[in-house]
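*Asks:* For reference, the sequence and a predicted model appear below.
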Amino acid sequence: MDIRRLEVFLKVIELRSFTKAAEALNLSQPTVSEHIRCLEESLSERLVDRLGREVGPTPAGKVFGQYARQIVKTYVDAIQALEQFNGKMSGTLLVGASSVPGAYVLPKYLGAFKSNNPAVQIMLRISATSEIIDQVIEGSLEVGFVGSSRNDKKLVFTELCLDELVPVMAPEHPWAGLKSIGLHELEGEPVVLRQKGSGTLAVAMRILSENGFDVSKLNVAAEMGDAEAVKQGVKSGIGISFMSVHAVSYELLTGSLATTTIRGVRFVRPLYTVSRRHRQICPLCQSFLKFLEDELGKLKISPKITGGYRESCPIT
């Protein structure tokens, strides 16, 4: 069976469109249609339903699609393994990450890995922690990098490094010049939070609760979808927030944001890699994870205070 036909079929049902699949695969629409026709003819089964402008898999197509994905993945893995055996590395490295590891941690190391392996294409998918974990479960991602874990026996979470959240505020905020504040002072203070599904939000709420603070007493002034939006909200005076030192390191150094400490409370958390239990990771992904592990091994992991703000993750 022609692997290319399987790839075309999978792209058609993924995008639910012959036209979009043709664009994604750099083929003409008639070529895509011919691949599907030949595949259906060879199997004596209709695999795709034409539903007006959209298409979708037939019941037989859904069953066949599960095995087609495995076949294509096994073929790609075999090619990558042979290339590595011959001292080469190519293919597409697809990883998913939540906002902090995705925007502030991984790019440096993905860039270095790419420099060492020019034939490799990098695809970094950034979304909320909960969405990245769901995609690992579904199988559309082999590996994710996230800011909190989930109790699910289907998953394996491995600690990557430590991160720390810090309270941040606009430079003119009354807390900006203080060395520390009491936990009780958060009551009634306007705060800007990440939307539900964020690992940063989950960790901040958990640590506040563990230290005896009733999170229902937080005065939530705004909820925002990503770290950059939260930063802009804090700068504009909407409220304070809790953010990773990676997300605000530049702003803290340049003075466009300020920080303080909460007496007796540290918001330290691990960042994790997450994968599906018992799933074989592709050779290219394995190589990147080994590269990342080696790079992190060169750095100190213990939390430290530096540059006027906490810096607790080894990735800087």
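*Replies:* Cool, the structure landed. Since the model is a prediction, treat every value here as computed from it, not as a measurement.
*Asks:* model confidence over the helix or strand hosting residue 13, on average?
*Replies:* Using DSSP states H and E, residue 13 sits within helix 3-15. What helix 3-15 shows for mean pLDDT is 90.
*Asks:* In PDB, please show the C-alpha coordinates belonging to it.
*Replies:* Taking Å, rounded to 0.1, in the frame of the first residue of the first chain, the C-alpha atoms of helix 3-15 are listed here in PDB:
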ATOM      1  CA  ILE A   3       2.200   5.400   2.200                       C
ATOM      2  CA  ARG A   4       1.600   8.700   0.400                       C
ATOM      3  CA  ARG A   5      -2.100   7.700  -0.100                       C
ATOM      4  CA  LEU A   6      -2.400   7.100   3.600                       C
ATOM      5  CA  GLU A   7      -0.900  10.500   4.400                       C
ATOM      6  CA  VAL A   8      -3.300  12.200   2.000                       C
ATOM      7  CA  PHE A   9      -6.300  10.300   3.500                       C
ATOM      8  CA  LEU A  10      -5.300  11.300   7.000                       C
ATOM      9  CA  LYS A  11      -4.800  15.000   6.000                       C
ATOM     10  CA  VAL A  12      -8.200  15.100   4.300                       C
ATOM     11  CA  ILE A  13     -10.100  13.800   7.400                       C
ATOM     12  CA  GLU A  14      -8.000  16.000   9.700                       C
ATOM     13  CA  LEU A  15      -8.800  19.200   7.800                       C
END
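*Asks:* Any buried residues in that helix, and which?
*Replies:* Using 16 or more other CB atoms under 10 Å as the test for burial, helix 3-15 gives 5-13, 15. Where you see a C-beta, it was placed from the backbone N, CA and C, and this is true even at glycine.
*Asks:* quick one, what contacts residue 191?
*Replies:* Taking CB atoms under 8 Å, 6 or more residues apart in numbering, we find residue 191 in contact with 218-221, 239-242.
*Asks:* ok, 10 Å please
*Replies:* 167, 169, 204, 218-223, 233-234, 238-242 (CB atoms under 10 Å, 6 or more residues apart in numbering).
*Asks:* Then residue 11?
*Replies:* Counted by CB under 10 Å, 6+ apart, residue 11 has contacts 17-18, 20-25, 27, 32, 35.
*Asks:* Buried members of these into ChimeraX, please.
*Replies:* Only the buried members of these enter the following ChimeraX selection, criterion being 16+ other CB under 10 Å:
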select :17,18,20,21,22,25,27,32,35
